[in-house]
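Asker: Kindly return the folded structure for what I paste below:
(chains A and B)
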Amino acid sequence: MAALMHCRRCLYTSAHPLGLMLDAEGICSGCRVHEEKDRLDWAERWQRLESLLAPYRSRSGETYDCIVPVSGAGDSHYIVHLVKQRLGLNPLLVTYNKYFNTSLGIRNLANLRIRFDCDLIQQNVNPHAVKKITRATLRDFGSDYWHCLAGQTVFPVQTAVRYRIPLILWGAHQGLEQVGMYSHEDEVEMTRRHRQDHDLMGREADDLPTMFDTLKESDIWQYRYPDDAALSAIGVRGVYLGNYVRWDPKAQHEQMIERCGYRTAAFARTFDTYDHVDCWNYMDLHDVLKLHKHGYSKVTDHACREIRHGRLTRAQGLALVRRHEQAAPQHLDKFCEWLGLDRSGLGFLLDRHRNPRWWREAETGRWAFAGASTTAGEAAGVTMPPASAVFEANDVLAHDGIDGYITIGKGHP
Amino acid sequence: MLEKRLIGVITVKDGWAVQSIGYRRHRPLGRPEVIAENLDRWGVDEILLQCIDRDAQGGGPDLALLERLCRRGLSTPLVYAGGVRSVSDGVRAVQAGAERIGIDALLHDDPHLAAELAEPLGAQALIAVLPLSVHNGALAWLDHRSRLSTPLAPALLDVLASGAISEVLLVDWQHEGVHEGFDERLLALWPMPTQPLIAFGGLSEPSQLRGVLERPNVVAAAVGNFLNHREHAVQRLKQSLAGLPLRAATHAPLDPARAWS
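Answerer: Numbers count the residues shown, from 1 in each chain, chains lettered A, B, ... in the order given. Have a look, this model is predicted:
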């Protein structure tokens, strides 16, 4: 096994699951690509975007110009703001129902649809299939989230083919932002290969059913990517706005909070109150599994992003990571109730996916952690970050008092 | 007329497929086997898998990776390069699933030993990988381990003239990963006019690829990084190269305006 190497600037290591390259100066590929944000001429890049999108504008105004995948969190408000208000396009919003919805997420999604005056369609895969898939992926490769990732990356593409709308507009490219997979100037677009390789952890829908399981083709077919011939016939193309706009999620969220009514909530396992407020699991069970498998959790992603944007020092970021990453999950009972598991069964599954590279069972049931943050350097005695680095919550996940999954929700602003 | 080939290059470092820029900077792309499967489905004519850290590590060819690729049941011919130090290394790489072998460092260390690989494998299975640049109007040959360039060695040219190696992969290493970066002077300055050549490094645009492939001694063009930026990149590139003797693409886009942009 290759030795673990830390980036000298951020908190990522050479063990990042998307891959990470360190250069001769010990700076990672993600930090190097981030430098482009302060080098590129973003006004010129916006012009490039407008030229690229020009052929897709509907002349009649009676059809949609593009598809925009959205949720009740993430960068959705900002993306729709760019598409509708700055580019003047008429988007069809599409969303995949992940079932782990918070009422705050349902509220934000309704706000998005109403505030920006957009049509929205939602994919609800039948819950029996979703639960069967979740049992299989949790057991086989420690993912409670495969169906969410598969659904939210395939439903927009299926809709593009079905409605014959070739253009899909996404926000930032995760691989570019986190590990510098591409330069902004590569102008990378959506591909089936990237989805399979990274979003789906190498496992397509058809890889899930096995002879040892009850999962059948009838459970997974809705997660199949359209074939090459169908994509070619429509000319489906997925463009990332992050290649043309200087992407800064904190600043963008704060703009959307102030101008468009986006609402936020605090989490135990990170300091970022803006991301993932639509889901009970992402910053909870899913984040614990990430720590078990990869030796770091979402708070490291958030800290790296803030370090690169210059709002945290590396030591401040590391202190925040150490403060949050071992925080106990708070919503496991909701997941157990939804899936029909008991807590000991879930605990068994969680332990099964502890990677021995990061975890050692010191004694029965007590695990010693040796993940990336334990060897990342000193963070003792650092001063608190400045006010510009603070994330504030203006709501709670149980927005209207419902402390559980909203499996189907229309919402209200 | 023999058809010319479009080769998809997968560059591997630390086990990851990477984008490589100028033999110096690298960006992670993903799992080599997933990228190979994708190139296979898209209808590329040959896949070059080059493991760029194997020569320096001295660990021999990455046989485990080759075996993983072969388990995917790909139908595209596979060239393997990286870490081939001896005849037995080359034979083991072929036994693990490569159709052909690319040799680079061995040509610096012992070009005659490289030629001996033709005994068990046949000349058709050997490709000389030569990272070149133009220096003072002449070709300079890079040893990527020391990062030093020297003139083409007479011993190398003797081995190539003997016919022990079927094709030369001529790499513009300085412009690798640079859009439209390929320096055609490398082809013009190549001293053996009948030697079949493969051009690689900074080939990104159809017009440039067409110019290279129209040269009589260029039998193939290889593209790496740029095939990872768009859906159906191979099909679109091939559609833009219509009229050249290339194998047809699979599921070519219907709208010619979108062939390559």
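Asker: For the closest residue to residue A:213 other than its chain neighbours, list the residues it contacts.
Answerer: Nearest residue to residue A:213, sequence neighbours excluded (C-beta to C-beta, 6 or more residues apart in numbering or on different chains): residue A:136, at 5.7 Å. Backbone N, C-alpha and C define where each C-beta goes, glycine included. Neighbour list for residue A:136: A:208, A:213, A:215 [criterion: C-beta atoms under 8 Å, 6 or more residues apart in numbering or on different chains].
Asker: List the buried residues of the helix or strand residue A:136 falls within.
Answerer: Here residue A:136, judged by DSSP states H and E, is contained in helix A:127-141. Neighbour counts over helix A:127-141 (16 or more other C-beta atoms under 10 Å in any protein chain shown) mark A:129, A:130, A:131, A:132, A:133, A:134, A:135, A:136, A:137, A:138, A:140 as buried.
Asker: and the residue of chain B found nearest chain A, helix, strand or coil?
Answerer: Going by C-beta to the nearest C-beta, chain A is nearest to residue B:28 of chain B, at 2.8 Å. With DSSP: H, G, I helix; E, B strand; the rest coil as the basis, residue B:28 sits in strand.
Asker: which residues does it bridge with?
Answerer: residue B:18 (DSSP bridges).
Asker: That one and residue A:181, how far apart?
Answerer: Going from residue B:28 to residue A:181 by C-beta to C-beta, to the nearest Å gives 6 Å.
Asker: before we move on, what about residue B:197?
Answerer: Distance check for residue B:197 against residue A:181: by C-beta to C-beta, it reads 31 Å.
Asker: what do you get for residue A:243?
Answerer: Residue A:243 sits at a distance of 12 Å from residue A:181 (criterion: C-beta to C-beta).
Asker: wait, does the host helix or strand of residue A:290 contact chain B?
Answerer: Residue A:290 is part of helix A:285-294 when elements are defined by DSSP H and E. No - against chain B, helix A:285-294 shows no contacts by C-beta under 8 Å from any C-beta of the partner chain, the least distance being 14.7 Å.
Asker: Sketch out the low-pLDDT regions of the stretch 151-300 of chain A for me.
Answerer: Regions of the stretch 151-300 of chain A meeting the criterion pLDDT under 70 are absent.
Asker: Could you double-check that residue A:219 sits in contact with residue A:131?
Answerer: No - between residue A:219 and residue A:131 there is no contact under C-beta atoms under 8 Å: 9.5 Å.
Asker: which residues sit against the longest helix anywhere in chain B?
Answerer: Determined from DSSP state H, the single longest helix within chain B is helix B:32-42. Outside helix B:32-42, the residues that touch it by C-beta under 8 Å, 6+ apart are A:191-193, A:196-197, A:202, A:228, B:8, B:10, B:12, B:15-17, B:29, B:47, B:49, B:65, B:68-69, B:72, B:74-76, B:78, B:227-228, B:232-235, B:249-250.
Asker: Which one's more surrounded, residue A:243 and residue A:181?
Answerer: Using other C-beta atoms under 10 Å in any protein chain shown, the more surrounded residue of residue A:243 and residue A:181 is residue A:181, with 28 against 24.
Asker: looking at this, that one is in a helix?
Answerer: No - the assignment for residue A:181 by three-state DSSP gives coil, which leaves it out of any helix.
Asker: what about residue A:323, helix or strand, and which?
Answerer: helix A:314-324.
Asker: Residue A:344 too?
Answerer: Using DSSP H and E, residue A:344 falls in helix A:343-352.
Asker: for the record, mean pLDDT for that helix?
Answerer: For helix A:343-352, the mean pLDDT works out to 96.
Asker: Please apply the same query to stretch A:325-336.
Answerer: Averaging pLDDT along stretch A:325-336 yields 98.
Asker: Run through the residues of chain B sitting next to chain A.
Answerer: Proximity of chain B to chain A (C-beta under 8 Å from any C-beta) is limited to residues B:13-16, B:18-19, B:25-31, B:34-35, B:38, B:41-42, B:225, B:228-232, B:235, B:250-255, B:258.
Asker: which among those residues end up buried?
Answerer: Using 16+ other C-beta under 10 Å, the buried ones in these are B:13-14, B:16, B:18-19, B:25-31, B:34-35, B:38, B:41-42, B:225, B:228-232, B:235, B:250-253, B:258.
Asker: And the strands in the stretch 51-200 of chain A?
Answerer: Along the stretch 51-200 of chain A, the segments classed as strands by DSSP state E, counting those that start in this stretch run A:66-69, A:91-96, A:119-123, A:167-170.
Asker: how about these in JSON lines, adding distance to residue A:408?
Answerer: Listed next are the strands of the stretch 51-200 of chain A as JSON lines, based on distance: least, C-beta to C-beta, whole Å:
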{"stretch": "strand A:66-69", "distance to residue A:408": "19"}
{"stretch": "strand A:91-96", "distance to residue A:408": "12"}
{"stretch": "strand A:119-123", "distance to residue A:408": "9"}
{"stretch": "strand A:167-170", "distance to residue A:408": "25"}
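Asker: could those be laid out in TSV, adding mean neighbour count?
Answerer: Formatted as TSV, the strands of the stretch 51-200 of chain A follow (neighbours: other C-beta atoms under 10 Å in any protein chain shown):
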stretch	mean neighbour count
strand A:66-69	25
strand A:91-96	24
strand A:119-123	14
strand A:167-170	23
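Asker: for those, which one sits closest to residue A:20?
Answerer: With C-beta to C-beta as the criterion, residue A:20 lies closest to strand A:167-170 of those, at 22.0 Å.
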